[in-house]
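1. Provided below are the primary sequence and the corresponding predicted coordinates.
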Amino acid sequence: MEYHKEIDLKAFLLAAGYGSRLAGISSEQPKPLVKAAGIPLICYSLAMLRAAGVDEIVCNLHYLSSRIVSFFEENNNFGFRISFSFENEILGTGGGLKRCRESFGDEGFFLINSDIITDLDLNSLKGASRVALYRSETPTVSVKNGMAVDFKNALESGIPSSFDYMGAAFLLPEIFDFLEDGFSSIVYTGYTSLASRERLGFYEHNGFWIDAGTLSSLDEAERILNGEAAFIVRRTKEILGL
């Protein structure tokens, strides 16, 4: 199933989590506002969305939500039209998106985590429901014939994993047919359901990517962003006017 309609691009930005893997740091501030190379993590995702032509963002919030709202207000929403989905009880990546079903209508949209740093061009994902993958030494995603077919062998495909999920995707409205209300993971509801029907494509990114959601990966991101990946810092500042 391909998607060709010309639309104002929208995105769902995941920013509700507790940041428990950043023990100590996230007890004082929400994970999206933790800095890497002097820039809040969420800004790296926002710059990617701006570069992809996204106009409108739906952002889910739970933990220390008022600080994230204030951050956007202080920066004039970085020029985006933004709405917030406040979760009284955290709903996870699947339930959080399901709650915002009406915000996306019949349009395809980007989904992105707020703690990834990468030089991925999000437009590489557009067209069909497609996840961004990165070849890894600790892989979790299996692929076959150009499609993502399993996640941690949840579908018992037996196909060896080769990639990690990068925390970014382009999704068609079909994803909502498989999401669940309440707390749930988009991976083990929506993605696995699409994969089992051979309806989840993938894009292999060969550039830079790091999930900065742990203390060790945050330290690694800091080191690389001040070295070989300094161009991402410069680009992010330029795009967002930081």
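-> It's in. Numbering: from 1, shown residues only.

2. And what about the residue of the chain most remote from its centre, helix, strand or coil?
-> Distance from the C-alpha centroid of the chain peaks at residue 158, with 26.7 Å (CA atoms, centre = their mean). Following DSSP: H, G, I helix; E, B strand; the rest coil, the label given to residue 158 is coil.

3. just the strands in the chain please.
-> 9-14, 35-36, 39-40, 54-61, 81-86, 109-113, 116-118, 130-135, 141-144, 147-151, 163-171, 201-204, 209-211 (DSSP state E).

4. Let's have those in JSON lines, adding mean neighbour count.
-> All C-beta atoms are positioned from the backbone trio N, CA, C, and that covers glycine. JSON lines is the format used below for these (neighbours: other CB atoms under 10 Å):
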{"stretch": "strand 9-14", "mean neighbour count": "22"}
{"stretch": "strand 35-36", "mean neighbour count": "20"}
{"stretch": "strand 39-40", "mean neighbour count": "20"}
{"stretch": "strand 54-61", "mean neighbour count": "22"}
{"stretch": "strand 81-86", "mean neighbour count": "15"}
{"stretch": "strand 109-113", "mean neighbour count": "24"}
{"stretch": "strand 116-118", "mean neighbour count": "24"}
{"stretch": "strand 130-135", "mean neighbour count": "22"}
{"stretch": "strand 141-144", "mean neighbour count": "20"}
{"stretch": "strand 147-151", "mean neighbour count": "21"}
{"stretch": "strand 163-171", "mean neighbour count": "24"}
{"stretch": "strand 201-204", "mean neighbour count": "19"}
{"stretch": "strand 209-211", "mean neighbour count": "20"}
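
5. Now render those as TSV, adding mean pLDDT and distance to residue 195.
-> Listed next are those as TSV, based on pLDDT from 0 to 100; distance: least, CB to CB, whole Å:
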stretch	mean pLDDT	distance to residue 195
strand 9-14	96	19
strand 35-36	94	31
strand 39-40	96	33
strand 54-61	97	23
strand 81-86	97	26
strand 109-113	98	16
strand 116-118	97	21
strand 130-135	98	9
strand 141-144	98	9
strand 147-151	98	5
strand 163-171	98	11
strand 201-204	98	10
strand 209-211	94	21
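
6. Can you get me the start-to-end distance on stretch 161-176?
-> End-to-end distance of stretch 161-176: 26 Å, with CA to CA, to the nearest Å as the criterion.

7. now that stretch: how far from the chain's centre is it?
-> 9 Å (CA atoms, centre = their mean, to the nearest Å).

8. can you check stretch 206-214 too?
-> With CA atoms, centre = their mean, you get 12 Å for stretch 206-214.

9. So what touches it?
-> Outside stretch 206-214, the residues that touch it by CB atoms under 8 Å, 6 or more residues apart in numbering are 19, 21-22, 31, 34, 36, 41, 113, 115-120, 134-135, 166-167, 217-218, 220-221, 224, 229, 232.

10. Against residue 80, how distant is the nearest residue to residue 184 once chain neighbours are set aside?
-> Excluding its sequence neighbours, the residue lying closest to residue 184 (CB to CB, 6 or more residues apart in numbering) is residue 94, at 3.7 Å. Going from residue 94 to residue 80 by CB to CB, to the nearest Å gives 24 Å.
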